[in-house]
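A.B. asks: Just the structure for this:
(chains A and B)
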There are 2 protein chains.
Amino acid sequence: MTFSTMQERPLLISGMFEHGRRIYSESRVITMSPGGRHEATYAEVGLRTHALAHALRKLGVGIEDRVGTFCWNDQAHLEAYYAISGMGAVLHTLNIRLFPDQLSYVVTHAEDKVILINDTLLPLLAKVVHELATVRHIVVIGNGDASCLSTAPNAQLHRYEDLIAMSLDEGDYAWPELDERAPAAMAYTSGTTGNPKGVVYSHRSTYLHALGLASGATAGLSERDMVLPVVPMFHANAWGIPYAGWLMGCDFLMPGPLLQPEPLVNMIQKEKPTFAGAVPSIWTGMLHYCEGKDVDLSSLRLVLCGGSAVPESLMRGFQEKHGVTIIQAWGMTETSPLGAVSYAPRQAKPEEQWLYRNRTGRVSAGVEMRIVADDGTILPWDGESVGEIQVRGPWVTASYYGVQDGVGEPSKFQDGWLRTGDVGYVDKRGYCQITDRAKDVIKSGGEWISSVELENVIMAHPSVLEAAVVGVPDPKWEERPLACVVPKPGVTLTEQALHEFLSDKVARFWLPERYAFIAEVPKTSVGKFDKKVLRAQYADGKLTVITRG
Amino acid sequence: MTFSTMQERPLLISGMFEHGRRIYSESRVITMSPGGRHEATYAEVGLRTHALAHALRKLGVGIEDRVGTFCWNDQAHLEAYYAISGMGAVLHTLNIRLFPDQLSYVVTHAEDKVILINDTLLPLLAKVVHELATVRHIVVIGNGDASCLSTAPNAQLHRYEDLIAMSLDEGDYAWPELDERAPAAMAYTSGTTGNPKGVVYSHRSTYLHALGLASGATAGLSERDMVLPVVPMFHANAWGIPYAGWLMGCDFLMPGPLLQPEPLVNMIQKEKPTFAGAVPSIWTGMLHYCEGKDVDLSSLRLVLCGGSAVPESLMRGFQEKHGVTIIQAWGMTETSPLGAVSYAPRQAKPEEQWLYRNRTGRVSAGVEMRIVADDGTILPWDGESVGEIQVRGPWVTASYYGVQDGVGEPSKFQDGWLRTGDVGYVDKRGYCQITDRAKDVIKSGGEWISSVELENVIMAHPSVLEAAVVGVPDPKWEERPLACVVPKPGVTLTEQALHEFLSDKVARFWLPERYAFIAEVPKTSVGKFDKKVLRAQYADGKLTVITRG
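C.D. replies: Just a heads-up that it's a prediction; the model follows:
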């Protein structure tokens, strides 16, 4: 009895695809765009996906070749997801918000052979297309003028719909029976130092992650849902919604480029999605937009929100004004991304609910987490002991693609665990709280100050739009916090007012002496606070810093 | 890029266990018994499970050794599930309703080294204990008199609580890092011919199956649920509830031996489970018991029901009288068992809902199904084409343990697919309808008659308690249906009344000429109609058959 009697069936993306296509052929993929609304059934998407696979094969795409996508969330992008991975090639979702030199770097580093691109995004690719030597074919979705791509050194241009039309009558593509550990998709994460680094997802990891997302502990997806992935399909696979949603037969509401509050509110009211995923800034904008308006968002039974900490005011606002439950979730490109989800525990009393919902997340089934002190000690889950958060699991990366780990910077892995670079603690119920990015922690006179927590308190001031706190050198304490604050438009705000506001909310030694009022917090390509820019500006004397006595 | 960058983490039952134990330490396992109610937290169950593993190790249990359980659904059985599989041994759940010779056969065939047994079940094991030569240790749960086991040829007796107590202070057992395809559990299915045959589940299959059960398409389990597995833990692992429930952190309500309507209704009202699983006869009994009583079963948001076809009247009764949704599901020991679940599709109009809810089930994610004609043709999913139902998937068996397939009887497998032995069709929405067991199909003058469908129509007669239809030889038509009918107590029923009742409900050539009124339909050890007994009784002239003109 060396092994069981169970069948050896690989977990493949083509299997997920054919399940959804066959069992839920009438489920719909609705795509919104400035030009209007387009609807297709799974059956139609299925035929087109097979046609796309035939077409890519004819363009020379083979097993493990990388195919980039430079797209919004729409039907064509979903077709690309399944055609590329299904045929054994590797889907490389390109972040349309990358800076040009990063974009050029990742396409070249991944050796993308083909790029699929929405015509509305052509100007962004045009900036770097002359550098993309590995790219042999560029497939344009839409009819927009593509002449801006003429400087592509080695690439032929095609129209997506021409390729589909030419292959639609060829019948089903024979999806290969791959090893489930074969590469299926990849995404680069724009680190805070150095070049972006690639993570390569397998068929297995993608399938397991989809089951994790579909479980009752996360989203509980079923055919009765309509999912609205606002989170881009170029951000960690839109958190797996394209996979789990299709496997479960959900309707899809694809927002295309319509990511502003007004069109989002309109499409939610009209199409009535039941589940959505997006970063906090999207929901903040919508909450603000809805103020004083008579809107009905109550079709949403659940919103997962992550990418950065979710303010309690945002969750409360949606709950109280719109009857919509926003649940905070945590993950990274490196974790596929599902890592933790912050439903309040059943045992919590009503007044304790928000304590838990404000946590970064409760560790998800399939993911293991540990907190590691600087000296390597594994710390207890006591809700107090702070250390680096490390994770492990079948959908967590073990390395970066084509990068020798630890060369030029500290290793990102330890004994088979991913070092998240986040610092925090876990309580006895498995709720993790990130208190800081490891590199953003401020160490003042031997004591830790959480820049994230300090920012949250500052942002609770009614006159503050946003705030970032960074550590700056200090002759006495080694490091002290500098509060970079963006006041709300038309409001006067003083460092004295902030100081008084903070005085009874944080420990005395946390109170910043240094304030800088700035117009905007610099952001990374994925919209996170880019503190290294602030630190550099401070070092270069480019910030006007007010120092309290 | 041969493989992805994802971590190679095996899917292990010990991993599921430690997740539940650590994240949901306060979740509860409540066990009901005639002696009262016992409650333990996951934390407590966790410690005891580790202690049990230590104890079994000391008894000589090693990797891949088989440990049998002869138990009700209770806390100790759950501890055994996780301790045995976690330590790399193989959990062999023994069906307490097996006939003695079958019980002796399966213990010996599996070479069970240890048996854990509830003291209330000792008399059943005592009948065969003298034959159990492979068994070295028998561990009795409870304090009942175990002297009836004295004829065990090679076994030492132990008390479960003594073993736990002796090992409780040894700390965590070091669960081995196994290959995920390693054997974790096994169950024998009592075929209709020959000896029972064993299916060996792997860690991988069990983990994947648990995720399938936890998904929104099946049960959507989460920590907010309390699960009530009425289906025995010796029937296909209680449909995976012990695994999925624990992984998701659900409270457990374990009914122990209290499987009668009254105690079940009482415990549902008192403990308020949200999810339950049981075969139709349990729910039929409860529905009947509740008539005229003021009961509240509304804590149940979902009941999965399977094992045999679920009557519409049962589902409607619970929906209308108790606001409880019963969803039909299909599976086999060979399929872990999740195979198909009959939620109505979103597209169904209100009057169509029952059409779908009456289907055997919509194919589950992770399972592939095909309908194969006698000549090997793969039939379309048109809702009409009837053939053998075959399934494939990572939690479907590829063979039987220690059995050379196809020797002495037809092969149970075809090109890597499991031949279910059921006959039916699938519609375009992926709903499967079993029309018969392959061996129960009646072929009359070249036309098929579904014995199952005929039974259902007969059982809709208000005076019929139950009915089984078998094919018997016929000089003119080769085979014709014989209706074996059990009237309700105290009711007079004639074949003429049944004939008239059926006349406008089935095709003319389906109408039986032969009726037999019997006291009870013979059942197999798992409670299914045992038609081979009826056929034998007919052949031996032991049935009083009334033949219509």
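
A.B. asks: give me every residue that touches the most centrally placed residue in chain A.
C.D. replies: Note on chain A: the residue nearest the mean C-alpha position is residue A:235, at 4.1 Å, using CA atoms, centre = their mean. By CB atoms under 8 Å, 6 or more residues apart in numbering or on different chains, residue A:235 lies in contact with A:95, A:187, A:307, A:333, A:526. Glycine gets a C-beta too; all of them are placed from N, C-alpha and C.

A.B. asks: nearest to residue B:128, of the residues you listed?
C.D. replies: Using CB to CB, residue A:333 comes nearest to residue B:128 of the contacts of residue A:235, at 58.1 Å.

A.B. asks: Using the record's assignment, carve chain A into domains.
C.D. replies: Using automatic domain parsing, the domain parsing of chain A gives A:13-326, A:364-437, A:442-547.

A.B. asks: excluding its backbone neighbours, what's nearest residue A:381?
C.D. replies: Nearest residue to residue A:381 in three dimensions, chain neighbours excluded: residue A:426, at 4.3 Å (CB to CB, 6 or more residues apart in numbering or on different chains).

A.B. asks: Please name the bridge partners of the one you found.
C.D. replies: For residue A:426, the beta-bridge partners under DSSP bridges are residue A:432.

A.B. asks: ok, now which ones touch it?
C.D. replies: Shown in contact with residue A:426 (CB under 8 Å, 6+ apart): A:363, A:369, A:371, A:381, A:383, A:432-433.

A.B. asks: Just the buried ones out of those residues, please.
C.D. replies: For the contacts of residue A:426, a burial check counting by 16 or more other CB atoms under 10 Å in any protein chain shown picks out A:363, A:369, A:371, A:381, A:432-433.

A.B. asks: Save those residues as a markdown table, and put in distance to residue A:468 and pLDDT too.
C.D. replies: As requested, the buried ones among the contacts of residue A:426 are exported to a markdown table (distance: CB to CB, whole Å; pLDDT from 0 to 100):
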| residue | distance to residue A:468 | pLDDT |
| --- | --- | --- |
| A:363 | 28 | 98 |
| A:369 | 26 | 98 |
| A:371 | 25 | 98 |
| A:381 | 29 | 98 |
| A:432 | 22 | 97 |
| A:433 | 19 | 95 |
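
A.B. asks: Out of these, which comes closest to chain B?
C.D. replies: residue A:363 (5.6 Å; CB to the nearest CB).

A.B. asks: what's the pLDDT at the closest residue to chain B within the stretch 351-500 of chain A?
C.D. replies: Chain B sits closest to residue A:430 of the stretch 351-500 of chain A, with a gap of 3.5 Å, by CB to the nearest CB. Here the pLDDT value assigned to residue A:430 is 97.

A.B. asks: same question, residue A:191
C.D. replies: Residue A:191 is assigned 60 on the pLDDT scale.

A.B. asks: and the helix or strand encompassing residue A:76, how far out from the chain's middle?
C.D. replies: Following DSSP states H and E, one finds residue A:76 within helix A:75-86. The chain centre lies 19 Å from the centre of helix A:75-86; the measure is CA atoms, centre = their mean, to the nearest Å.

A.B. asks: Same check on stretch A:220-237?
C.D. replies: Averaging C-alpha positions (CA atoms, centre = their mean) puts stretch A:220-237 12 Å from its chain's average.

A.B. asks: Can I get it in PDB, CA atoms only?
C.D. replies: Extracted in PDB, the C-alpha atoms of stretch A:220-237 (Å, rounded to 0.1, in the frame of the first residue of the first chain):
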ATOM      1  CA  GLY A 220     -18.300  31.200  -0.700                       C
ATOM      2  CA  LEU A 221     -18.800  31.600  -4.400                       C
ATOM      3  CA  SER A 222     -21.400  29.700  -6.300                       C
ATOM      4  CA  GLU A 223     -23.400  29.900  -9.500                       C
ATOM      5  CA  ARG A 224     -25.900  32.100  -7.700                       C
ATOM      6  CA  ASP A 225     -23.200  34.900  -7.700                       C
ATOM      7  CA  MET A 226     -22.300  37.600 -10.100                       C
ATOM      8  CA  VAL A 227     -18.800  38.700  -9.400                       C
ATOM      9  CA  LEU A 228     -17.400  42.200 -10.100                       C
ATOM     10  CA  PRO A 229     -13.600  42.100 -10.200                       C
ATOM     11  CA  VAL A 230     -12.600  45.700  -9.900                       C
ATOM     12  CA  VAL A 231      -9.200  44.700  -8.800                       C
ATOM     13  CA  PRO A 232      -7.200  44.500 -12.100                       C
ATOM     14  CA  MET A 233      -6.600  41.200 -13.700                       C
ATOM     15  CA  PHE A 234      -2.900  42.400 -13.800                       C
ATOM     16  CA  HIS A 235      -2.800  42.500 -10.000                       C
ATOM     17  CA  ALA A 236      -2.100  39.000  -8.700                       C
ATOM     18  CA  ASN A 237      -4.700  37.600 -11.100                       C
END
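
A.B. asks: in it, what's buried?
C.D. replies: Quick answer for stretch A:220-237 (16+ other CB under 10 Å): A:220-237.

A.B. asks: repeat for stretch A:516-526
C.D. replies: Neighbour-count burial for stretch A:516-526, counted by 16+ other CB under 10 Å, picks out A:516-518, A:521-522, A:524, A:526.

A.B. asks: about what we covered before: out of the contacts of residue A:235, who has the most neighbours?
C.D. replies: Neighbour counts for those, by other CB atoms under 10 Å in any protein chain shown, peak at residue A:187, which reaches 26 neighbours.

A.B. asks: Which strand residues bridge residue A:254?
C.D. replies: With DSSP bridges applied, residue A:254 shows beta-bridge pairing to residue A:31.

A.B. asks: Also residue A:303?
C.D. replies: With DSSP bridges applied, residue A:303 shows beta-bridge pairing to residue A:276, residue A:326.

A.B. asks: For it, list the residues it contacts.
C.D. replies: By CB under 8 Å, 6+ apart, the neighbours of residue A:303 are A:275-278, A:283, A:318, A:324-327.

A.B. asks: secondary structure element for the residue nearest to residue A:293 when sequence neighbours are not counted?
C.D. replies: Nearest non-adjacent residue to residue A:293, counting by CB to CB, 6+ apart: residue A:265, 8.0 Å away. For residue A:265, the host element (DSSP H and E) is helix A:261-271.

A.B. asks: what distance separates the least confident helix or strand in chain A by mean pLDDT from the centre of its chain?
C.D. replies: Least confident helix or strand of chain A, by mean pLDDT, DSSP states H and E, is strand A:447-449 with a mean of 79. Chain-centre distance of strand A:447-449: 29 Å, with CA atoms, centre = their mean.

A.B. asks: Please identify the pairing partners of it and their relative orientation?
C.D. replies: strand A:442-444 (antiparallel).

A.B. asks: how close does residue A:17 sit to residue B:208?
C.D. replies: Using CB to CB, to the nearest Å, residue A:17 is found at 18 Å from residue B:208.

A.B. asks: my bad, residue A:150
C.D. replies: Following CB to CB, the distance that separates residue A:150 from residue B:208 is 50 Å.

A.B. asks: With neighbour numbers in mind, choose between those two.
C.D. replies: Higher neighbour count among residue A:150 and residue B:208: residue B:208, with 26 against 11, using other CB under 10 Å.

A.B. asks: quick one on the thing from earlier: what is the most widely separated pair among the contacts of residue A:235?
C.D. replies: A:187 and A:307 (13.8 Å).

A.B. asks: Show me which residues of the stretch 51-200 of chain A sit near chain B.
C.D. replies: Near chain B, the residues belonging to the stretch 51-200 of chain A are A:64, A:90, A:179, A:181-184, A:198-200 when assessed by CB under 8 Å from any CB of the partner chain.

A.B. asks: Redo these as TSV? Include secondary structure, pLDDT and distance to residue B:121.
C.D. replies: Below are these laid out as TSV (DSSP: H, G, I helix; E, B strand; the rest coil; pLDDT from 0 to 100; distance: CB to CB, whole Å):
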residue	secondary structure	pLDDT	distance to residue B:121
A:64	coil	97	56
A:90	strand	98	55
A:179	coil	97	45
A:181	coil	97	44
A:182	coil	97	48
A:183	strand	98	52
A:184	strand	98	49
A:198	strand	95	57
A:199	strand	97	52
A:200	strand	98	52
